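In: only the shape, not the letters, is given here:
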């Protein structure tokens, strides 16, 4: 009983903590408008870094604004900020353990400086399906048969992204990014299942936010 209560508390704390992060961001005074479809992402997704996977997604700007900071008497520095909705799907392969497939919409706060360096903070909530290899069962007649075994999960995600544009002179700029992230999936295990991913990818900006 105590274990079940502890598990529910941890799950609730994780969800509430991620939700509070974005409630705080949305409560800021934001001046801007919906910017629409802004870009696509393609990346390597390493479960525990070395177990390979792939992830693709699109960016849809919900709100965009900028802030100008004075640097000296005659210089100004413009910081661009936005709230972006980014649905994504992908897969990863962990040899002799499992193969995972997921669809996870993400919501993120993005900040870009004049030199093209940027970071974002975000959360996600979606669906994860895992398939377990090499599982066998014994039939009533004594035969050994290979069977399909898999699990369905509700998965939550929190992440930070660091990136830099590599050709800002063009309208359709490209950027490279690194994105460490933690996924927490329930149910099927007493305390849920945690995953660490390292995402390395390319973002093609179709429209400036």
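Out: Looks like it arrived, so ask away. Note that the structure is predicted; figures quoted are calculated from it, not measured.

In: any weak-confidence spans in this protein?
Out: 1-35, 70-74, 168-172, 207-209 (pLDDT under 70).

In: can you show me the helices along it?
Out: Along the chain, the stretches classed as helices by DSSP state H are 2-26.

In: quick one, strands of it?
Out: Ranges of strands within the chain are 36-47, 53-71, 75-94, 98-112, 117-138, 144-165, 174-186, 193-205, based on DSSP state E.

In: deepest of those strands, which one?
Out: Mean neighbours per residue, mean count of other Cβ atoms under 10 Å, is largest over the strands of the chain for strand 98-112, with a mean of 19. The C-beta positions use only the backbone N, C-alpha and C, and glycine is treated the same way.

In: report the strands that pair with that one, each with its relative direction.
Out: strand 75-94 (antiparallel), strand 117-138 (antiparallel) (DSSP bridges).

In: output these as TSV; include the columns distance to residue 47.
Out: Converted to TSV, those look like this (distance: least, Cβ to Cβ, whole Å):
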stretch	distance to residue 47
strand 75-94	4
strand 117-138	11
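
In: could you pull up phi and psi at the residue lying farthest from the centre of the chain?
Out: The outermost residue of the chain relative to its centre, with distances by Cα atoms, centre = their mean, is residue 141 at 47.2 Å. Phi and psi for residue 141, reported as degrees, to the nearest 10, are phi -90, psi 0.

In: would you mind measuring from it to residue 180?
Out: For residue 141, the distance to residue 180 (Cβ to Cβ, to the nearest Å) stands at 50 Å.

In: residue 162 too?
Out: Residue 162 sits 9 Å away from residue 180, taking Cβ to Cβ as the criterion.

In: shared neighbours of these two, anything?
Out: Common contact partners of residue 162 and residue 180 (Cβ atoms under 8 Å, 6 or more residues apart in numbering): none.

In: residue contacts, residue 128?
Out: Contacts of residue 128 (Cβ under 8 Å, 6+ apart): 100, 101, 102, 104, 152, 153, 154, 155, 183, 185.

In: for the residues you listed, which one is nearest residue 86?
Out: Minimum distance to residue 86 across the contacts of residue 128 is 9.2 Å, recorded for residue 104 (Cβ to Cβ).

In: verify the stated contact: the closest one with residue 155.
Out: Yes - in this structure residue 104 lies within contact range of residue 155 using Cβ atoms under 8 Å: 6.4 Å.

In: any residues in contact with both of these two?
Out: 124, 125, 126, 127, 128.

In: these two touch, right, the first one and residue 103?
Out: Spelled out, it's residue 124. No - counting by Cβ under 8 Å, residue 103 is not a contact partner of residue 124; they are 10.0 Å apart.

In: now do the shared contacts for those two.
Out: Joint contacts of residue 124 and residue 103 (Cβ under 8 Å, 6+ apart) are residue 88.

In: so what sits opposite residue 205 in the bridge?
Out: Residues in beta-bridge contact with residue 205 (DSSP bridges): residue 39.

In: I figured it hits residue 166, correct?
Out: No - counting by Cβ under 8 Å, residue 205 does not reach residue 166; the two are 10.9 Å apart.

In: any common contacting residues for these two?
Out: By Cβ under 8 Å, 6+ apart, the residues touching both residue 205 and residue 166 are 173, 174, 175.
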